[in-house]
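> Need coordinates for the below:
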Amino acid sequence: MTRSNAGTKGVPRAERSQQILEISSLAFGSDGFAATNLADVARSAGISKPLIYHHFGSKEGLYIACLDQAGELLADAMERVARGDVVGVERGLRTLDAMFAILEDQRHLWRLLHDRTAPETDPVASVVRRHADRIDALAHEGVSELLVLAGNTDPVDASALTAMWIGLVDALMDWWVAHPEATAPEMSERLGRVMGALLTDVSRLGATG
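All right, here's what the predicted structure looks like:
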């Protein structure tokens, strides 16, 4: 008797779905939503295109599944750091360390989450916003902690600094994706040097101001 959870050629459905997600995430993250062809994805997975539709319903459905997997992977890592015992600048550095470690061998996931060719209408747009909102909320929480440590409880300052931090992280990750020769440990070391120099300079500015 055929198992109810069996996929093509005896491959369990969950295993086949995950295989499709991994290959599709690489395609979407490398080529963008608009340029990704499901026939090519199916060929890479060694399956038929109708099987992709059977698992995910549509190209948009497949893209949403890829977004959910990538977004939850990064946000879960950020939350583990947030629930740990570090605050302030150290929390920010630990968060980036975690992101470097996760994306080391799958930097296409960053491009996937920031794909400018993705549909700007629902349901894709709402999924993009959901993951962005979750990550932005964690960033705001960390920045607010940092300001409170400095005696600043101004919500407008927290909002402005959150935007600055998110912009810095986005720029840094974009740079890293464009420089595949840089490893995750190297990026952590580089970040430590750059932030150390920046904080030292800010400290000197405060002392002379």
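> residue contacts, Pro32?
Careful, residue 32 is Gly; it's not Pro. 111, 115-118 (C-beta atoms under 8 Å, 6 or more residues apart in numbering). Placement of C-beta: from N, CA and C, glycine included.
> Could you rerun that using 7 Å?
115, 117 (C-beta atoms under 7 Å, 6 or more residues apart in numbering).
> repeat for Gly29
108-109, 111-112.
> taking those one by one, which sit in helices?
108-109, 111-112 (DSSP state H).
> Could you take these and lay them out as TSV, with extra columns for pLDDT and distance to Ser188?
Formatted as TSV, those follow (pLDDT from 0 to 100; distance: C-beta to C-beta, whole Å):
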residue	pLDDT	distance to Ser188
His108	96	20
Leu109	97	18
Arg111	96	21
Leu112	96	23
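> buried subset of the residues you listed?
Buried subset of those (neighbour count, 16 or more other C-beta atoms under 10 Å): 108-109, 111-112.
> how about the helices of the protein, start to end?
Under DSSP H, the chain gives helices at 13-31, 38-45, 49-56, 59-82, 88-103, 108-113, 124-149, 155-177, 184-208.
> Buried deepest among those, which one?
helix 108-113 (a mean of 21; mean count of other C-beta atoms under 10 Å).
> Point out the other helices and strands that it packs with.
Judged by 3 or more C-beta pairs under 7 Å, 6 or more residues apart in numbering; DSSP states H and E, helix 108-113 is in contact with helix 13-31, helix 59-82, helix 155-177.
> now that helix, how far from the chain's geometric center?
7 Å (C-alpha atoms, centre = their mean, to the nearest Å).
> got the CA coordinates for it in CSV?
Output of helix 108-113 as CSV, limited to C-alpha atoms (Å, rounded to 0.1, in the frame of the first residue of the first chain):
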residue,chain,number,x,y,z
HIS,A,108,21.1,34.1,-1.7
LEU,A,109,18.6,34.2,1.2
TRP,A,110,19.4,37.8,1.8
ARG,A,111,18.8,38.7,-1.8
LEU,A,112,15.6,36.7,-1.7
LEU,A,113,14.3,38.7,1.2
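> which residues are in contact with it?
25-26, 28-30, 66-67, 70-71, 103, 131, 173, 177.
> Pick the one among the residues you listed closest to Gly192.
Within the contacts of helix 108-113, the smallest distance to Gly192 is 16.4 Å, found for Met173 (C-beta to C-beta).
> rewinding a little: with distance to Leu199 added, can I get the contacts of Gly29 in JSON lines?
As requested, the contacts of Gly29 are exported to JSON lines (distance: C-beta to C-beta, whole Å):
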{"residue": "His108", "distance to Leu199": "32"}
{"residue": "Leu109", "distance to Leu199": "30"}
{"residue": "Arg111", "distance to Leu199": "30"}
{"residue": "Leu112", "distance to Leu199": "32"}
